[in-house]
Every structure is written in C-alpha cells, then in structure tokens.
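Q: next one to model:
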Amino acid sequence: MMINSTIHSFKLPPYLHATTPAEVTRNQRSDVRLLTLHGDSGAWDHHTFEDIIDLLQPNDLLILNTSRTIPSSLRTVDGGEIRLSRKIDEQVWEVLILEKRLNESTTLYFDDGISASIVGPGMAPELTLIEFSIGGEGLMHFFYNHGQPITYEYIDTPWQLSHYQTVYSHQPGSVEMNSAGRAFSHKMLKQLKDKGVQISYVCLHTGLSYYENNRWPDPLRHFEWFSVGADTVEHIYKTKKGGHRVVAVGTTVVRALESAHDPKAGLQPQEGLTNVYIDKDTTLKVVDGLITGFHEPEASHLDMLCAFVQEKKLIEAYQAAINEQYLWHEFGDLNLIWKQTYA
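A: Predicted coordinates:
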C-alpha cells in the first residue's frame with residue numbers, strides 16, 4: 001500500500017470506534033457531529049451534521065453515490081467465510097477467502113446447493129477469482145438470502161443490512177457501505193433542495209477496503225466500477241461556470257469524478273473500471289469540497305485527503321477530533337474538507 005509516514009503520526013484510541021448506528025442510540029441517523037476543515041488555513045470548526053444546511057450555499061452542487069450495499073459476507077456449508085470484493089461477470093467474482101484451508105480447495109459449497117469453483121488469482125495477491133454455479137438475478141437473490149453485511153472487529157452487533165445503506169442508494173453493487181452519505185435523511189436532502197443547493201449523482205461500486213490481518217489494498221491494484229452520466233457532467237460545468245462549489249459526498253465520488261476527467265477534453269461522461277490513485281501530488285480538477293468519515297492511520301483514503309489539505313494540517317485536525325472524542329468508521333462522525341487553492 002502507498003502511504004506517507006506523516007499519515008501514521010496519530011493513534012486512534014479503541015473507545016473512538018463507533019459500534020452502533022446513530023438512529024439506534026439517538027433516534028435519527030443525522031444525529032452525528034461534523035468537523036469542518038479549511039484547506040488553505042488549516043482552521044477547523046466543530047458542528048453538528050445538520051449544520052451542513054447552513055454551511056452549503058445556494059447553487060452549490062452536492063454529488064451523491066447511488067451505489068447500494070449488497071450482503072457480501074457468505075458462509076460455506078462447513079462454516080468458512082467468503083467476502084465478495086468485485087464482480088467480474090454474471091458468475092465470476094473476485095473474493096477474499098478468510099480461511100487458508102478453503103484456498104486449498106478447488107470447489108466451495110454453499111447452502112441451497114450452490115457451489116463455486118476457484119478459477120485463479122485475483123488482481124491483488126490476497127484475492128481469489130471464483131465462478132459460482134449460478135449467475136445473474138439468481139446469484140444476487142442467493143446473496144440476499146444467505147449473505148450478511150461485512151463487519152470488522154470493532155462491530156460487536158449483527159446490524160441489519162438497512163443500517164448499511166444510504167437513503168438515496170438504488171443500484172446494488174457495493175460490498176461495503178458508502179458511509180459518508182449515511183447521515184443524510186430524506187428531510188435533510190429536501191431542506192438542502194429548498195435552500196437552492198443542487199444535487200446530482202454518480203455511481204461507484206466499492207470493493208473491500210481491508211483484507212484482515214493488517215493487510216490493506218494497494219490503491220493502484222484496487223479496481224472499482226464507476227459511472228458518471230451526461231446529466232451530472234452538464235450540472236458540474238454549469239456549477240463551475242456560475243462560480244459555485246462542487247461537493248463530493250464520499251471518497252468514492254471523488255474517485256469517480258476525477259477518473260472521468262480527461263487532461264485534454266476535461267470532464268466527460270464515462271463508465272468502466274478505475275484504479276485512479278489520488279494523493280498529495282494530485283491536483284484536483286473537479287471537486288472543491290469533500291464530506292467524508294474519519295479514517296484509520298493505515299487507510300489509503302487519507303492519501304486522498306492530502307489532495308485537499310496539507311498533511312500536517314490534516315493530522316492536526318484529526319488530533320483535534322480525537323481530543324474532542326469524535327467517532328470513527330461507518331457509524332461515526334463526519335468531516336467536511338474545503339480544498340486548498342493552488343498557486
């Protein structure tokens with residue numbers, strides 16, 4: 001994984017791992033905190049997430065990821081766990097096989113008589129290609145009937161799949177939740193529209209963000225499917241021409257939009273696979289602001305944040321969030337970062 005030593009310079013206390021959805025503990029999913037960070041000055045401010053209605057201006061453009069989380073943790077008949085990572089075709093998936101003994105097999109067996117053949121290595125050394133005995137809608141139904149949401153060690157309760165969805169997602173395909181938009185409620189989105197904030201959409205199906213046992217994806221070998229439509233492209237050009245801001249909800253949206261930007265032709269409608277890696281040396285061409293969660297020291301998402309704000313300022317803001325006991329991960333608090341201007 002490509003990382004910078006500065007990004008490792010904070011430690012996350014275990015008690016800041018969010019383990020419970022906000023709507024369970026505080027009745028509504030929007031009841032989380034928001035740290036705003038200004039890329040130029042490095043100054044930060046503390047807010048509630050619902051303050052986003054005041055922080056965004058009329059004709060700012062908020063871009064959401066419509067990808068919906070699928071239940072991507074499967075159990076074999078003998079109890080082994082398989083985690084979906086990326087769809088290759090209607091029957092073939094790239095997966096993470098957690099038990100070494102299963103990697104030594106040639107066929108995996110699941111409930112309902114479904115099986116999968118191991119057909120080769122995946123794009124990353126930790127991943128494996130498997131071909132299921134069924135495909136298409138039948139295979140998707142099998143996932144929904146027998147799969148569970150992927151959870152990591154800090155989650156100790158088996159939350160329902162609905163807790164791993166955003167209210168606006170409608171295209172099944174992500175193996176993990178696009179959690180930056182989780183706190184938006186239908187009411188908040190309507191309030192933003194009533195204020196004059198514009199909303200547009202992209203789709204990016206997320207792959208696995210962690211391979212267990214302290215193994216993280218190499219961003220350049222981490223391919224994800226995305227789509228940026230013509231309406232969104234037109235909306236962005238109109239926003240930019242009017243001198244307003246484009247705000248991405250999630251690192252997935254940044255990756256999709258910057259992947260669709262051609263150095264010569266500019267932003268174009270596009271769909272396909274991307275392995276675009278964004279870090280401190282990247283000049284962002286499309287996005288002006290980013291709403292995102294708080295990320296662990298090892299996560300490559302932090303590399304992307306350094307395209308918005310200098311590493312030192314980012315880590316100082318993260319330390320402030322730790323001091324104020326902001327919560328991390330998919331059920332945690334959020335961060336709004338305004339991009340630094342470039343000379």
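
Q: for the residue most central in space within the chain, which residues are in contact?
A: By Cα atoms, centre = their mean, the chain has its centre lying nearest to residue 178, at 4.0 Å. Counting by Cβ atoms under 8 Å, 6 or more residues apart in numbering, residue 178 makes contact with 65, 67, 69, 166, 169, 204, 206, 249, 250, 252. The way it works is simple: take the backbone N, C-alpha and C, and place the C-beta from them, glycine included.

Q: go again with 10 Å.
A: Residues near residue 178 by Cβ atoms under 10 Å, 6 or more residues apart in numbering: 64-69, 164-166, 168-169, 203-206, 249-253, 330.

Q: same question, residue 189
A: Counting by Cβ under 10 Å, 6+ apart, residue 189 touches 62, 64, 167, 168, 181, 197, 199.

Q: pLDDT below threshold where in the stretch 101-250 of the chain?
A: Filtered on pLDDT under 70, the stretch 101-250 of the chain yields the residue ranges 103.

Q: neighbour count, secondary structure and distance to residue 307 added to the contacts of residue 189, as a markdown table?
A: Shown next, in a markdown table, are the contacts of residue 189 (neighbours: other Cβ atoms under 10 Å; DSSP: H, G, I helix; E, B strand; the rest coil; distance: Cβ to Cβ, whole Å):
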| residue | neighbour count | secondary structure | distance to residue 307 |
| --- | --- | --- | --- |
| 62 | 24 | strand | 19 |
| 64 | 26 | strand | 20 |
| 167 | 15 | coil | 28 |
| 168 | 17 | coil | 25 |
| 181 | 25 | helix | 20 |
| 197 | 21 | coil | 23 |
| 199 | 16 | strand | 23 |
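
Q: what are the phi and psi angles of the closest residue to residue 29 other than its chain neighbours?
A: Excluding its sequence neighbours, the residue lying closest to residue 29 (Cβ to Cβ, 6 or more residues apart in numbering) is residue 23, at 4.5 Å. Backbone torsions of residue 23, given as degrees, to the nearest 10, read phi -70, psi -20.

Q: who are the contact partners of residue 23?
A: With Cβ under 10 Å, 6+ apart, residue 23 has these contacts: 29, 30, 31, 162, 163, 182, 183, 185, 331.

Q: need the nearest residue in space to residue 229, chain neighbours excluded.
A: Per Cβ to Cβ, 6+ apart, closest to residue 229 is residue 269, 5.8 Å.

Q: the residue nearest to residue 29 and residue 331, how far apart?
A: For residue 23, the distance to residue 331 equals 10 Å [Cβ to Cβ, to the nearest Å].

Q: do the same with residue 127
A: Taking Cβ to Cβ, one finds residue 127 at 26 Å from residue 331.

Q: if we can go back for a sec, what is in contact with residue 23 and residue 331 at once?
A: Common neighbours of residue 23 and residue 331 (Cβ under 10 Å, 6+ apart) are 29, 163, 182, 183.

Q: can you get me a residue count around the third one?
A: Residue 182: 28 surrounding residues under other Cβ atoms under 10 Å.

Q: so residue 209 sits in a helix?
A: No. Counting by DSSP: H, G, I helix; E, B strand; the rest coil, residue 209 is not part of a helix but coil.

Q: wait, what's in contact with it?
A: Shown in contact with residue 209 (Cβ under 10 Å, 6+ apart): 85, 150, 152, 175-176, 216-217, 222, 251, 295-296, 299-301, 330.

Q: all good on my end, thank you.
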